[in-house]
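Novice: Fold the following for me, if possible:
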Amino acid sequence: MKRNLSQPEILPTHTAALFEQAVVRSAELLRAGELVALPTETVYGLAANAFDAAAVEKIFRAKGRPGHNPIIVHVASLEMARRCASIWPDLAGKLARAFWPGPLTLVLPRSPQIPDAVTAGGATVGIRWPSHPFIQAVIRACDFPLAAPSANPSNEISPTNARHVQKSLGNRVALVVDGGQSQVGIESTVVDLTVNPPRLLRPGMIHAESLLAVTGQLAQGPGGSEAVLRSPGLLKKHYSPKAKLLILSWCDEADLEAQIAKLAAQNLIFKSQNLELSRVHVIAHTQIPLTEKLGRISVIPHDAEAFARAIYAELHQCDDAGAELIVVEELPNTGPWRAVRDRLERAAAE
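Specialist: The predicted structure follows:
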């Protein structure tokens with residue numbers, strides 16, 4: 001039976017034999033300069049040989065990714081991480097010992113082996129050692145690092161399972177490996193170690209408070225308006241569903257409906273005022289509407305890690321169900337929640 005060429009090859013990993021077969025096939029394609037979508041603990045990544053400029057360029061074409069947005073390089077050992085950086089400061093070693101393998105990216109001066117395409121022409125590179133066993137096995141089999149942004153069209157919702165990748169990229173990727181649901185659910189924390197004090201460029205589920213225990217000092221935010229981005233995830237609009245997304249607080253169902261009606265009447269949601277409540281989908285954690293007027297109502301526990309793990313999958317489901325408007329309940333502005341707030345604020349940006 002011939003494979004449908006409009007869809008990628010999908011390989012499962014739920015037994016030891018299937019896992020090994022998928023590693024061998026992935027490494028074969030990556031050595032040949034092809035793209036493979038691989039599971040990580042954060043989100044699924046669209047991977048290519050990080051030392052092969054032509055292969056990395058395929059990532060940009062497949063995603064429609066702007067050339068000024070750099071790509072994180074994924075490694076499977078400290079030795080490989082050092083190969084990707086021209087300088088390895090003591091603080092990099094301390095952070096690696098504390099948080100690697102895991103959802104932390106370190107920005108360091110790039111090695112000459114890293115091509116311009118990976119770094120958007122900049123002098124720095126983001127390096128991460130992911131904890132997911134499958135991508136670790138593939139990197140070890142290849143013996144080269146993998147450039148791997150999220151496996152979705154640029155600025156759209158990141159994928160947290162193989163179906164999301166298949167739906168969004170289709171035949172733009174040769175192979176999708178199904179490694180189950182991503183267990184972190186949002187992209188890695190990014191820390192720039194080329195400045196003093198080190199700077200938190202992108203929040204993630206390794207929080208500033210945890211980083212400070214190692215770094216002692218930590219600036220936060222992207223800093224000045226740099227000509228070259230040092231990290232992905234800094235664009236104003238990112239992680240966006242097809243539907244319009246709003247972040248609101250409400251005290252009860254009537255208040256929520258009144259806010260939606262007011263925004264629609266002021267043309268602040270759509271050009272048309274004729275927004276049907278049945279096309280409004282709600283993602284809540286505390287104030288849960290019980291009305292039947294609204295469309296899909298999802299409840300994620302009031303827990304930052306659970307919310308991060310589930311939010312992208314919920315946004316994918318809202319899009320699949322034909323939502324015109326997605327309303328997400330306002331999140332707390334405390335340390336554990338800041339990374340998820342960052343993703344939702346970018347998803348809601350115009």
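Novice: got the CA coordinates for the strand or helix carrying residue 281 in CSV?
Specialist: Following DSSP states H and E, one finds residue 281 within strand 280-284. The C-alpha atoms that make up strand 280-284 are tabulated as CSV, following Å, rounded to 0.1, in the frame of the first residue of the first chain:
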residue,chain,number,x,y,z
VAL,A,280,-17.6,31.8,21.3
HIS,A,281,-15.5,29.2,23.1
VAL,A,282,-14.3,29.7,26.6
ILE,A,283,-11.3,28.3,28.5
ALA,A,284,-11.7,28.8,32.2
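Novice: Can you list the helices and strands that the strand or helix carrying residue 245 packs against?
Specialist: If you go by DSSP H and E, residue 245 is part of strand 244-248. Using 3 or more CB pairs under 8 Å, 6 or more residues apart in numbering; DSSP states H and E as the contact test, the elements touching strand 244-248 are helix 253-265, strand 325-329, helix 338-348. C-beta coordinates here come from the backbone N, C-alpha and C atoms, glycine included.
Novice: Work out the gap between the shortest one and the centre of the chain.
Specialist: Per CA atoms, centre = their mean, to the nearest Å, the displacement of strand 325-329 from the mean C-alpha position of its chain is 20 Å.
Novice: ditto for stretch 106-122
Specialist: On CA atoms, centre = their mean, the centre of stretch 106-122 falls 20 Å from the chain's centre.
Novice: Kindly report the same for stretch 131-143.
Specialist: Centre-to-centre, stretch 131-143 and its host chain are 19 Å apart (CA atoms, centre = their mean).
Novice: Mind listing residues that contact that stretch?
Specialist: 13, 19, 22-24, 26-27, 30-31, 36, 38-41, 45, 47, 49, 74-77, 80, 101-103, 130, 145-146, 148, 177, 179 (CB atoms under 8 Å, 6 or more residues apart in numbering).
Novice: State the phi and psi torsions of the residue nearest to residue 249 when sequence neighbours are not counted.
Specialist: Nearest non-adjacent residue to residue 249, counting by CB to CB, 6 or more residues apart in numbering: residue 330, 4.2 Å away. Here is the backbone geometry of residue 330 (degrees, to the nearest 10): phi -50, psi 140.
Novice: Tell me which residues touch residue 330, please.
Specialist: Residue 330 sits next to 247, 248, 249 when contact means CB under 8 Å, 6+ apart.
Novice: Specify which member of these is nearest to residue 157.
Specialist: residue 247 (15.5 Å; CB to CB).
Novice: Assess the claim that the closest one and residue 328 are in contact.
Specialist: Yes. Counting by CB atoms under 8 Å, residue 328 is a contact partner of residue 247 at 5.2 Å.
Novice: Find the residues that touch each one of those two.
Specialist: residue 344.
Novice: Could you check which of those two is surrounded by more residues?
Specialist: residue 328 (25 against 16; other CB atoms under 10 Å).
Novice: backbone phi and psi for residue 48, please?
Specialist: Per degrees, to the nearest 10, the backbone of residue 48 is at phi -150, psi 160.
Novice: Help me confirm that it comes into contact with residue 62.
Specialist: No. Assessed by CB under 8 Å, residue 48 is found out of contact with residue 62, at 9.4 Å.
Novice: Could you check which of those two has the larger neighbour count?
Specialist: residue 48 (29 against 21).
Novice: On the strand side of things, show who the more buried one bridges to.
Specialist: The residues listed as beta-bridge partners of residue 48 by DSSP bridges are residue 147.
Novice: And it, how far from residue 251?
Specialist: With distances taken as CB to CB, to the nearest Å, residue 48 is found 49 Å from residue 251.
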